[in-house]
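Novice: Just a sequence and a predicted model for now, questions to come.
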Protein chains: 2
Amino acid sequence: MGYRVAIVGATGAVGQGIAKKLQERNFPADEILFLASARSAGSKVEFGGKEFTVEEAVPERFDGVDIAFFSAGGSVSKQLAPEAVRRGAVVIDNTSAFRMDPDTPLVVPEVNREALKEHRGLIANPNCSTIQMVAALEPVRRKYGLKKVIVSTYQAVSGAGAAAIGELGKQSEDMDNRAGAEAELLPVKGDKKHYPIAFNAVPQIDVFSEDGYTFEEWKMINETKKIMGMPELSVAATCVRLPVVTGHSESVYFETGNPSADAAGIRESLHAAEGITVMDDPENQAYPMPLFAEGKDDVFVGRLRRDLDTPGAFHFWVVADNLLKGAALNSIQIAEALIADGLLKGEDADGTRQHSDGDGHAVR
Amino acid sequence: MGYRVAIVGATGAVGQGIAKKLQERNFPADEILFLASARSAGSKVEFGGKEFTVEEAVPERFDGVDIAFFSAGGSVSKQLAPEAVRRGAVVIDNTSAFRMDPDTPLVVPEVNREALKEHRGLIANPNCSTIQMVAALEPVRRKYGLKKVIVSTYQAVSGAGAAAIGELGKQSEDMDNRAGAEAELLPVKGDKKHYPIAFNAVPQIDVFSEDGYTFEEWKMINETKKIMGMPELSVAATCVRLPVVTGHSESVYFETGNPSADAAGIRESLHAAEGITVMDDPENQAYPMPLFAEGKDDVFVGRLRRDLDTPGAFHFWVVADNLLKGAALNSIQIAEALIADGLLKGEDADGTRQHSDGDGHAVR
């Protein structure tokens, strides 16, 4: 017997990706509820060759739901995720609403799977840029340690939603008029100004905080420390949006603090890591690129080389599909880990499904 | 009486930019010779509303030339620049051929104008990515010092020539077929493999050296140390090509080594610096972007903020037109400095032109 799964934000890019991946990975789902805000309710989504009607996400819809994937924006999560948990669902939330809540595990299974044991019905899926970076850094940390990280990102527009892809596409058609292209959405839909993204690089993702950092940069800094369980880790981030459809890239400098660390040892640890593909053969021009990471599950790492000045410090280039490992895939991997580790309610550690009474979990 | 100027590589993007800027800045030129390789000789260029025929760059063409701007590739410079110098011209070379030659000054006038005094007829113009970075770092160094620099670049295709712009334009027309786009040129014309640049980010500029760094990265590292006269400076670079037509951007982390350095003081020093425009008002989403730096002379600096972990360390975002400050403009600024400082042959320190005998300089 399988699980009853709800996807909140079923019409969005991440929601669609979750549905597709559930199917692709033969996730043990008996039933899938496609939910969305009132605005999107009534629209149709396709799943397994059949058409389904999207229903409005109201608290009662979560009765009897085992696992609810939320990706309909922070305010929807804040309002409805506790309702879903109260009704017995385990919520895996893709928004930033609960990520820094001390009682909510923030999980990349390859890095901190054990944090799932502490969940109280709600697990947060990290920011897309954070996930791929910590996935690539974790094998390094385990082998050599980690002291300092400086990252500059090269982020795709699909992180800003399907409409942003349309905006990029339209602007790209007329390169000669690039400076005069109409922009209505990027860099941030709700912010005051909008700039063309085609043929441009925009050093703003999410709004600015008072200290000159954007919230995207703060997410990378704080989430990395939380996921790695290292409040003392030095992390700095500069986040930049590019005219790339899907696939975030990151130029990462890191200090292990271990002068005996070498590139060969790091490469070995990356090769052995689950979910990482090392693509690093400069002589044959093999390195990760977002255009070719699109649609792939793995985190791709290349351009690994030692820093020329600081012993034990290195640089690498990390690329992943921001909608998959950065969002949908990682969410499902969290659900799979919960099942495998017996951390869904009413379930034995061997993953055997048992009938639940619907009130197994308390909300925070 | 003005100077006799030659432009070698007159049909290329930089050569064209030099011609345009000479006119725009009322450079004291009596005559301009448009020269190129045999392949391009005979083609026409426009200058001041008139059409000129490009002539083949042979040694004899430099007889009587006062200033020769070279931007026709390293091999042309290696062969012809010494010939031009032997004939009395002062050569300002845009290629990498002589940049690291200990006897050749490598100059960004705002940074190391005094190095021009040591010239022996040949002055090298630095790499585009290097110029804008050192221009932005120099005011910081003068005020607070400089210990370590880590840069990740976001570089435009025009640095790879006019054909690369055409390739980007063609690929951009069909976003849906982005992964199947034809690529014949980028990342490096003469290298084995070519990848689409539209909707992509390619972490290779120039070919790879054996240590895993590209030559573009080595140029930024070595040229920065030479221009700043700081062989002990720590510099690391990751260079990435983007689907941007013109305008290089750089995410720069730097340590001053001075714990009392603050962002306000740095901002003040940048405001006071010649050739720098500070564009840094996050609340109003004001920050530099390549799309809007195109065609502008200045180096634009924004996103300045202190590093959260290392005292005296900061991050900023530097954008400039790679064909102007990165190439043509800096070359002409070198020539203007030579004139103003009386460092052309047969010239008084007050810039008064005197007739030369054509053998005033020895070649290295």
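Specialist: Sure thing, it's come through.

Novice: Distance-wise, check the closest residue to chain B within the stretch 1-150 of chain A relative to B:V140.
Specialist: As assessed by C-beta to the nearest C-beta, chain B sits closest to A:I150 within the stretch 1-150 of chain A, at 5.3 Å. For the C-beta atoms, the positions are set from N, CA and C on the backbone; glycine is no exception. A:I150 sits 17 Å away from B:V140, going by C-beta to C-beta, to the nearest Å.

Novice: Which helix or strand contains the residue of the stretch 1-150 of chain A closest to chain B?
Specialist: Per DSSP states H and E: A:I150 is located in strand A:148-154.

Novice: Would you give the sheet partners of that strand, along with the direction of each?
Specialist: strand A:234-238 (parallel), strand A:248-255 (antiparallel) (DSSP bridges).

Novice: could I get those as TSV with mean neighbour count and distance to B:A328?
Specialist: Below are those laid out as TSV (neighbours: other C-beta atoms under 10 Å in any protein chain shown; distance: least, C-beta to C-beta, whole Å):
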stretch	mean neighbour count	distance to B:A328
strand A:234-238	24	29
strand A:248-255	26	28
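
Novice: Format those as CSV; extra columns: distance to A:R303.
Specialist: Output for the strands paired with strand A:148-154, formatted as CSV (distance: least, C-beta to C-beta, whole Å):
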stretch, distance to A:R303
strand A:234-238, 18
strand A:248-255, 8
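
Novice: would JSON lines of those strands with mean pLDDT be doable?
Specialist: Shown next, in JSON lines, are the strands paired with strand A:148-154 (pLDDT from 0 to 100):
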{"stretch": "strand A:234-238", "mean pLDDT": "98"}
{"stretch": "strand A:248-255", "mean pLDDT": "98"}
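
Novice: And these: which comes nearest B:V65?
Specialist: B:V65 sits nearest to strand A:248-255 of all the strands paired with strand A:148-154, at 42.9 Å, using C-beta to C-beta.

Novice: Quick one, grab the pLDDT at the residue of chain A positioned farthest from its centre.
Specialist: For chain A, the largest distance from the centre (C-alpha atoms, centre = their mean) belongs to A:D176, which lies 35.0 Å off. Looking at A:D176, its pLDDT is 97.

Novice: From chain B, how far out is it?
Specialist: Using C-beta to the nearest C-beta, to the nearest Å, we find A:D176 at a distance of 8 Å from chain B.

Novice: A:A293 is in contact with A:N322, isn't it?
Specialist: No - contact criterion C-beta atoms under 8 Å: A:A293 and A:N322 do not qualify, at 9.2 Å.

Novice: Find residues that contact each of the two.
Specialist: A:G247 (C-beta atoms under 8 Å, 6 or more residues apart in numbering or on different chains).

Novice: in the helix ranked longest in chain A, what counts as buried?
Specialist: Secondary structure of chain A read by DSSP state H shows that its longest helix is helix A:128-144. For helix A:128-144, the neighbour count (16 or more other C-beta atoms under 10 Å in any protein chain shown) marks A:128-141, A:143-144 as buried.

Novice: and that helix, what's its mean pLDDT?
Specialist: Confidence over helix A:128-144 (mean pLDDT, whole number) is 98.
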